[in-house]
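>>> Build the 3D model from these lines:
(chains A and B, ligands or ions: 1)
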Amino acid sequence: MNVAIVGIGIHPFGRHEGVSSLDMGGYAVRQALRDAGIPWQDLQFAFGGSLGAHLPGNDPATADTLVSRLGLTGLPFVNVHNGCATAGSALSLAASTIESGAFDVGLAVGFDKHPRGHFSSDPEILGLPPWYGEMGFLVTTQFFAMKINRYMHDYGISSSTLAKVAAKAYRNGSMNPNAWRRKPFSEEEILSSRMLNYPLTQYMFCSPDEGAAAVVLCRADRAREFTERPVYLRAATIRTRRFGSFEVFSPWLPLTRTDSPTVDASRAAYEAAGLGPDDIDVAQIQDSEAGAEVMHMAENGLCADGEQEALIQAGETEIGGRLPINTDGGLIANGEPIGASGMRQVYETVLQLRGDAGERQVPGRPRVGFTQVYGAPGVGSCTILTT
Amino acid sequence: MTRQVAIAEGLLSWASGEARLIGSRCETCGVVVFPSQRGCPACTGEETEVIELGTRGTLWTFTTQGFLPKWPYAGPGTDEAFEPYAVGYVELPGQVRVEARLVEVEVDDLHIGMDMELCVVPFITDDGGDEVVVPAFRPSGASVDGASA
Ligand SMILES: [Zn+2]
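Below is the predicted model:
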């Protein structure tokens, strides 16, 4: 893939009373433009991700309406809403647009402003019978809990390891000025917080929140017109569920199990990049809750099933470890504004590869970064970035 | 006496004298799904046959619901007074894993692989005063009269 990221911007994640999703989106875009040193009118196209218009009680603004505050330049601006892979999809489409030769310089932006509490969904929009919601199955956190419960049973992962993952998230978040949760918690505090969905406690979960992130992309051979430190996008892949993968909101599962869409998306990303899991220096992966980070380590090929227990207990996924994961605090510390979540991962990866991550900089000049988001309705999206 | 009504039509059958879940089987590849539907997600086949599922199986995985779900949840409880409930997938041998409420068992006694059986339990009382019942699974051998949803 001959695409470079030459500008990045982010609006802090969290709760922002009186700030609309468009305010946050516009803020992130302007920051990305300044970072790339390019005026808005020079952008040739944009993809914008936001899920708000499709979720009850959310700030419903669609991304393309950003043009009314950034400037009505006439550029093609396409809205993307693709479940939890919304940001990844916007990025992937932007990269494909440059790859196709249609345009040289463009934008991918994502934002959302979700209400408090767990995500709620309309069963009929999801093609599910009303009783499924009425009986109390339409809660994403149940899925994550049942998936990790089975995984712990199959591969010997301990509750202590789940607590270590969450503690790392809060610790890394405390070093990230754009994170929502910036107060460290001990493993004991995490384990003794309220049991929301066995075996997952309150502090092991991320929550929906608000935020925005944006990147300016260009054809790789033009990158140095904009920056001395381009980061190259080597792969941006999306895969949806196949028959037999264990997905959120499933009234039933078949007796045989198939690899998740994350496995498929990560394999496709490694193949496209000509790189393997051993090449990855820093990774940002979907930690909707602590167990998701554990399982996604294996689904992304970063270790074998069951190896997480020893790796995490030994601190290998900490910033100073062999494979630093979720260096900005991940979803647990940043929350999940769906449209922006995958873009935040790319923002953090670019910072790390530029050496600009400050207090939380991974030592030893990381050269290859990996990102992955996963979510409803069974979609995974990965990127690989290099210096 | 209060009338009992199932939470939805097409979910449960009493045709055989005992309650059974209603699913469907693909006429091409034999894959069983729940609830019944037309069209097969495994082989893309079009024709499916409505079947009654088995009533006994083993617990494949489970969790608890420790907080009041938002809409469209219609069950009992308020933010102030909410009784956590258990949810899991029960593997019906040779058929399918179905997601269901788990009842008549303490959370500490739930474990993957335990034997479970279908039961029908009261859920809420609807506006017309009828008792709405839902399918659930309980450890097999648990008391038959219990209805502790
Ligand atoms: Zn079939």
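>>> now for the helix or strand harbouring residue A:168, which elements pack on it?
For residue A:168, the host element (DSSP states H and E) is helix A:159-173. Applying 3 or more Cβ pairs under 8 Å, 6 or more residues apart in numbering or on different chains; DSSP states H and E, one finds that helix A:159-173 makes contact with helix A:187-192, helix A:290-299, helix A:308-313, helix A:330-334. C-beta here means a position set from N, CA and C on the backbone, and glycine is covered the same way.
>>> any idea which residue of chain A is furthest from its center?
residue A:131 (31.2 Å; Cα atoms, centre = their mean).
>>> Quick check: what element follows the one helix or strand residue A:89 maps to along the chain?
Here residue A:89 sits within helix A:86-99, counting by DSSP H and E. Next in sequence after helix A:86-99, counting helices and strands by DSSP H and E, comes strand A:105-113.
>>> relative to helix A:86-99, how tilted is the lengthiest strand in chain A?
Ordering each strand of chain A by length in residues (DSSP state E) puts strand A:3-14 first. Angle of strand A:3-14 versus helix A:86-99, following axes from the mean of the first three to the mean of the last three Cα atoms, to 10 degrees, is 160 degrees.
>>> which intervals of the stretch 1-150 of chain A have sub-threshold pLDDT?
Across the stretch 1-150 of chain A, no stretch falls below the confidence threshold (pLDDT under 70).
>>> quick one: the strands in it?
A:3-14, A:45-49, A:77-80, A:105-113 (DSSP state E, counting those that start in this stretch).
>>> Looking at those strands, which one is packed in the most?
strand A:105-113 (a mean of 29; mean count of other Cβ atoms under 10 Å in any protein chain shown).
>>> So which elements touch that one?
Counting by 3+ Cβ pairs under 8 Å, 6+ apart, the elements that strand A:105-113 packs against turn out to be helix A:21-36, strand A:45-49, helix A:86-99, strand A:210-219, helix A:338-354.
>>> what is the rounded mean pLDDT of stretch A:219-226?
Mean pLDDT, stretch A:219-226: 97.
>>> What residues sit buried inside it?
A:219-220, A:223, A:226 (16 or more other Cβ atoms under 10 Å in any protein chain shown).
>>> Who are the contact partners of residue A:279?
For residue A:279, the contact set (Cβ atoms under 8 Å, 6 or more residues apart in numbering or on different chains) comprises residue A:368.
>>> Could you do residue B:12 as well?
B:6, B:19-22, B:120, B:135.
>>> To residue B:108, which of the strands of the stretch 1-150 of chain A lies closest?
strand A:3-14 (36.5 Å; Cβ to Cβ).
>>> name the helices or strands packed onto the closest one?
helix A:21-36, helix A:86-99, strand A:210-219, strand A:231-240, helix A:338-354.
>>> is the helix or strand of chain B with the lowest mean pLDDT up against chain A anywhere?
None of the helices or strands of chain B scores lower by mean pLDDT, DSSP states H and E than strand B:4-6, at a mean of 92. No. Applying Cβ under 8 Å from any Cβ of the partner chain, one finds strand B:4-6 separated from chain A by no less than 8.9 Å.
>>> Strand partners (parallel or antiparallel) of that strand?
strand B:131-139 (parallel) (DSSP bridges).
>>> for the helices and strands packed on strand A:105-113, which one sits closest to the ion?
With Cβ to the ion as the measure, helix A:86-99 is the member of the helices and strands packed on strand A:105-113 nearest the ion (29.4 Å).
>>> list the buried ones in the closest one?
Here helix A:86-99 shows A:86-95, A:97-98 as buried, counting by 16+ other Cβ under 10 Å.
>>> how many neighbours does residue A:184 have?
Residue A:184 has 16 neighbouring residues, counting by other Cβ atoms under 10 Å in any protein chain shown.
>>> Just the buried positions in stretch A:180-195, please.
Buried, per 16+ other Cβ under 10 Å, within stretch A:180-195: A:180-182, A:184-185, A:187, A:190-191, A:193, A:195.
>>> Find the pair from those with maximum spatial separation.
Among the buried residues of stretch A:180-195, A:182 and A:195 lie farthest apart (Cβ to Cβ), at 24.5 Å.
>>> and the nearest residue to residue B:138 once chain neighbours are set aside, what element?
The shortest distance from residue B:138 to any non-neighbouring residue, by Cβ to Cβ, 6 or more residues apart in numbering or on different chains, is to residue B:104 (4.0 Å). Under DSSP H and E, no helix or strand contains residue B:104.
>>> pLDDT wise, what is residue B:104 at?
Model confidence at residue B:104 (pLDDT) stands at 96.
>>> was I right about it contacting residue B:141?
No. Between residue B:104 and residue B:141 there is no contact under Cβ atoms under 8 Å: 10.1 Å.
>>> who's more crowded, those two?
residue B:104 (18 against 8).
>>> what's the spacing between that one and the ion?
Residue B:104 is 35 Å from the ion, where distance means Cβ to the ion, to the nearest Å.
>>> pretty sure residue A:362 contacts residue A:317?
No. Because the distance of 11.3 Å does not satisfy Cβ under 8 Å, residue A:362 is recorded as not touching residue A:317.
>>> give the contact list for the closest residue to the ion within the stretch 101-250 of chain A.
Nearest residue of the stretch 101-250 of chain A to the ion: residue A:243, at 9.3 Å (Cβ to the ion). By Cβ under 8 Å, 6+ apart, the contact set of residue A:243 is A:254, A:258, B:41-42.
>>> Am I right that it is in a helix?
No. Counting by DSSP: H, G, I helix; E, B strand; the rest coil, residue A:243 is not found in a helix; it is coil.
>>> Now it: phi and psi?
phi -60, psi 120 (degrees, to the nearest 10).
>>> Kind regards, and thank you for your time.
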